[in-house]
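> Starting from these lines, generate the structure:
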Amino acid sequence: FAQKYPHVSFHFLSVNADAALTLMDQGELDLALVMEPIFFEKYHFLRFPAKEEWVCCLRRDDPLAEKPALTPEELAGSRVILPYRSSVANVVLNWFGEYGSTLQIAGSSSFYSNAIVMVKKGVGRAIYIRRQAPYPCDAEIVQVPLKPSIRVSSSLIWNKEYQSAEVRRFLQFLIQFLNI
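Alright, predicted model coming up:
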(Lines give C-alpha, C1' and ligand atoms only; values in the text may rest on other atoms or scores of the structure.)
Protein backbone atom coordinates (compact mmCIF):
# COMPACT_ATOMS: atom_id res chain seq x y z
CA PHE A 1 0.00 0.00 0.00
CA ALA A 2 2.82 2.41 0.89
CA GLN A 3 4.48 1.82 -2.48
CA LYS A 4 1.31 2.63 -4.36
CA TYR A 5 0.31 5.57 -2.11
CA PRO A 6 3.53 7.06 -0.69
CA HIS A 7 1.74 10.25 0.42
CA VAL A 8 -0.36 8.34 2.96
CA SER A 9 1.09 8.09 6.44
CA PHE A 10 -0.04 5.99 9.37
CA HIS A 11 -0.13 7.04 13.01
CA PHE A 12 -0.70 4.28 15.55
CA LEU A 13 -2.20 4.86 18.99
CA SER A 14 -2.40 2.40 21.85
CA VAL A 15 -5.72 3.10 23.54
CA ASN A 16 -8.61 0.97 24.67
CA ALA A 17 -11.68 0.60 22.46
CA ASP A 18 -13.70 3.21 24.36
CA ALA A 19 -11.02 5.85 23.79
CA ALA A 20 -10.70 4.81 20.13
CA LEU A 21 -14.44 5.20 19.60
CA THR A 22 -14.39 8.64 21.21
CA LEU A 23 -11.54 9.72 18.93
CA MET A 24 -13.37 8.29 15.94
CA ASP A 25 -16.58 10.12 16.86
CA GLN A 26 -14.58 13.36 17.13
CA GLY A 27 -13.10 12.82 13.67
CA GLU A 28 -9.60 12.36 15.07
CA LEU A 29 -9.26 8.70 14.11
CA ASP A 30 -10.12 7.03 10.79
CA LEU A 31 -9.81 3.34 11.70
CA ALA A 32 -9.63 1.33 14.89
CA LEU A 33 -8.79 -2.27 15.61
CA VAL A 34 -10.98 -3.26 18.56
CA MET A 35 -11.80 -6.37 20.49
CA GLU A 36 -15.45 -7.31 20.76
CA PRO A 37 -17.95 -6.90 22.29
CA ILE A 38 -18.70 -3.57 20.70
CA PHE A 39 -21.84 -1.83 19.46
CA PHE A 40 -21.55 -1.38 15.70
CA GLU A 41 -24.53 0.93 15.10
CA LYS A 42 -22.41 3.96 14.13
CA TYR A 43 -19.61 2.05 12.42
CA HIS A 44 -18.86 -0.13 9.47
CA PHE A 45 -16.72 -3.08 10.46
CA LEU A 46 -14.58 -5.85 9.14
CA ARG A 47 -14.50 -8.82 11.53
CA PHE A 48 -11.31 -10.81 11.43
CA PRO A 49 -11.86 -14.57 11.11
CA ALA A 50 -9.38 -15.58 13.84
CA LYS A 51 -10.64 -15.55 17.39
CA GLU A 52 -8.62 -14.48 20.40
CA GLU A 53 -8.34 -16.88 23.35
CA TRP A 54 -8.59 -15.71 26.95
CA VAL A 55 -6.15 -17.08 29.52
CA CYS A 56 -5.30 -16.66 33.17
CA CYS A 57 -1.86 -15.06 33.59
CA LEU A 58 -0.13 -16.39 36.70
CA ARG A 59 3.28 -16.23 38.31
CA ARG A 60 5.28 -19.40 37.70
CA ASP A 61 5.26 -20.11 41.45
CA ASP A 62 1.44 -19.91 41.64
CA PRO A 63 -0.09 -23.26 42.73
CA LEU A 64 -2.38 -23.18 39.65
CA ALA A 65 0.44 -22.54 37.15
CA GLU A 66 0.94 -26.25 36.35
CA LYS A 67 -2.69 -26.91 35.47
CA PRO A 68 -3.47 -27.57 31.78
CA ALA A 69 -6.58 -25.35 32.02
CA LEU A 70 -8.48 -23.46 34.72
CA THR A 71 -12.18 -23.58 35.50
CA PRO A 72 -14.29 -20.94 37.24
CA GLU A 73 -14.42 -23.21 40.32
CA GLU A 74 -10.61 -23.44 40.51
CA LEU A 75 -10.31 -19.62 40.33
CA ALA A 76 -13.11 -19.00 42.85
CA GLY A 77 -12.00 -16.67 45.63
CA SER A 78 -9.01 -15.41 43.63
CA ARG A 79 -7.76 -11.86 43.50
CA VAL A 80 -8.16 -11.04 39.81
CA ILE A 81 -7.06 -8.28 37.48
CA LEU A 82 -9.67 -7.71 34.80
CA PRO A 83 -9.69 -5.80 31.54
CA TYR A 84 -10.47 -2.11 32.05
CA ARG A 85 -13.28 -1.94 29.48
CA SER A 86 -16.49 -2.78 31.32
CA SER A 87 -18.10 -4.63 28.40
CA VAL A 88 -15.04 -6.89 28.12
CA ALA A 89 -14.77 -7.35 31.89
CA ASN A 90 -18.44 -8.42 31.87
CA VAL A 91 -17.66 -11.19 29.37
CA VAL A 92 -15.03 -12.48 31.80
CA LEU A 93 -17.28 -12.10 34.86
CA ASN A 94 -20.10 -13.94 33.08
CA TRP A 95 -17.70 -16.81 32.41
CA PHE A 96 -17.26 -17.22 36.19
CA GLY A 97 -21.02 -17.77 36.58
CA GLU A 98 -21.96 -18.60 40.20
CA TYR A 99 -18.32 -18.18 41.27
CA GLY A 100 -18.18 -14.54 40.14
CA SER A 101 -19.42 -13.30 43.50
CA THR A 102 -16.45 -14.96 45.25
CA LEU A 103 -13.83 -13.03 43.28
CA GLN A 104 -11.80 -10.23 44.77
CA ILE A 105 -11.29 -7.61 42.06
CA ALA A 106 -7.71 -6.49 42.64
CA GLY A 107 -7.74 -4.03 39.77
CA SER A 108 -8.15 -3.52 36.07
CA SER A 109 -5.85 -2.62 33.22
CA SER A 110 -6.18 -1.40 29.65
CA PHE A 111 -2.87 -2.92 28.66
CA TYR A 112 -1.47 -6.41 29.00
CA SER A 113 1.95 -5.15 30.07
CA ASN A 114 0.47 -3.28 33.05
CA ALA A 115 -1.58 -6.30 34.10
CA ILE A 116 1.54 -8.49 33.93
CA VAL A 117 3.46 -6.11 36.18
CA MET A 118 0.64 -6.44 38.74
CA VAL A 119 0.76 -10.26 38.43
CA LYS A 120 4.54 -10.28 38.88
CA LYS A 121 4.17 -8.15 42.05
CA GLY A 122 1.61 -10.58 43.49
CA VAL A 123 -1.39 -8.24 43.20
CA GLY A 124 -3.54 -10.94 41.60
CA ARG A 125 -4.15 -13.24 38.67
CA ALA A 126 -4.90 -11.50 35.36
CA ILE A 127 -7.56 -12.69 32.97
CA TYR A 128 -6.39 -11.53 29.57
CA ILE A 129 -6.03 -12.36 25.89
CA ARG A 130 -3.30 -14.91 25.14
CA ARG A 131 -0.10 -13.19 24.02
CA GLN A 132 1.50 -14.71 20.95
CA ALA A 133 4.68 -12.62 21.13
CA PRO A 134 6.07 -12.54 24.66
CA TYR A 135 7.16 -9.42 26.47
CA PRO A 136 10.55 -9.56 28.23
CA CYS A 137 8.82 -9.90 31.60
CA ASP A 138 6.84 -12.93 30.42
CA ALA A 139 9.60 -15.36 31.52
CA GLU A 140 8.12 -15.12 35.02
CA ILE A 141 4.53 -15.55 33.82
CA VAL A 142 2.49 -18.58 32.74
CA GLN A 143 -0.60 -18.30 30.56
CA VAL A 144 -3.12 -21.03 31.41
CA PRO A 145 -6.17 -21.49 29.15
CA LEU A 146 -9.65 -21.12 30.60
CA LYS A 147 -12.06 -24.07 30.57
CA PRO A 148 -14.57 -23.70 29.08
CA SER A 149 -12.68 -21.39 26.76
CA ILE A 150 -13.60 -17.81 26.03
CA ARG A 151 -12.88 -16.73 22.47
CA VAL A 152 -13.64 -13.31 21.03
CA SER A 153 -13.26 -11.64 17.66
CA SER A 154 -11.45 -8.48 16.76
CA SER A 155 -12.80 -6.06 14.19
CA LEU A 156 -11.51 -3.15 12.19
CA ILE A 157 -14.09 -0.38 12.42
CA TRP A 158 -14.60 2.96 10.70
CA ASN A 159 -17.19 5.68 10.78
CA LYS A 160 -20.32 5.15 8.66
CA GLU A 161 -20.69 8.87 8.08
CA TYR A 162 -17.25 9.73 6.74
CA GLN A 163 -14.37 7.96 5.05
CA SER A 164 -11.64 9.81 3.21
CA ALA A 165 -10.53 8.56 -0.21
CA GLU A 166 -7.34 7.30 1.44
CA VAL A 167 -9.28 5.27 4.01
CA ARG A 168 -11.46 3.74 1.28
CA ARG A 169 -8.35 2.79 -0.73
CA PHE A 170 -6.70 1.30 2.33
CA LEU A 171 -9.80 -0.73 3.19
CA GLN A 172 -9.99 -2.07 -0.37
CA PHE A 173 -6.31 -3.00 -0.18
CA LEU A 174 -6.75 -4.66 3.22
CA ILE A 175 -9.75 -6.73 2.15
CA GLN A 176 -7.89 -7.89 -0.94
CA PHE A 177 -4.63 -8.51 0.98
CA LEU A 178 -6.37 -10.53 3.73
CA ASN A 179 -8.63 -12.26 1.22
CA ILE A 180 -11.77 -11.63 3.26
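
> Tell me the pLDDT of the residue at minimal distance from the centre of the chain.
Relative to the mean C-alpha position of the chain, the nearest C-alpha, by Cα atoms, centre = their mean, is the one of residue 35, at 5.1 Å. Turning to residue 35, the model gives it a pLDDT of 86.

> just residue 43 next, same as before
91.

> Residue 136 too?
Reported pLDDT for residue 136: 57.

> which residues touch residue 86?
By Cβ atoms under 8 Å, 6 or more residues apart in numbering, residue 86 lies in contact with nothing. (Glycine included, C-beta is placed from N, CA and C.)

> name the element the closest residue to the residue nearest to the centre of the chain other than its chain neighbours belongs to?
Leaving out its chain neighbours, the residue that sits closest to residue 35 by Cβ to Cβ, 6 or more residues apart in numbering is residue 154, at 5.2 Å. Take DSSP states H and E as the rule and residue 154 turns out to sit in strand 151-159.

> Remind me what that strand packs against, helices and strands.
helix 17-25, strand 31-35, strand 43-59, helix 165-178 (3 or more Cβ pairs under 8 Å, 6 or more residues apart in numbering; DSSP states H and E).

> Now tabulate the ones you listed in CSV and tack on distance to residue 144.
What follows is these, written out as CSV (distance: least, Cβ to Cβ, whole Å):
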stretch, distance to residue 144
helix 17-25, 25
strand 31-35, 20
strand 43-59, 5
helix 165-178, 31
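
> Which among those is found nearest to residue 113?
Of all those, strand 43-59 sits nearest to residue 113, with 11.1 Å by Cβ to Cβ.

> dump the residue contacts of the residue nearest to residue 170 when sequence neighbours are not counted.
Counting by Cβ to Cβ, 6+ apart, the nearest residue to residue 170 once its immediate chain neighbours are dropped is residue 1, at 6.2 Å. Residues in contact with residue 1 (Cβ under 8 Å, 6+ apart) are 8, 169, 170, 173, 177.

> how deep is the closest residue in space to the second one that isn't next to it in sequence tucked in, by neighbour count?
Right, residue 169. Nearest-residue entry for residue 169: residue 5, 6.4 Å, with adjacent residues in sequence omitted and distances by Cβ to Cβ, 6+ apart. The tally of other residues near residue 5 (other Cβ atoms under 10 Å) stands at 13.

> What backbone torsions are found at residue 5?
Residue 5 adopts backbone torsions of phi -130, psi 70, taken as degrees, to the nearest 10.
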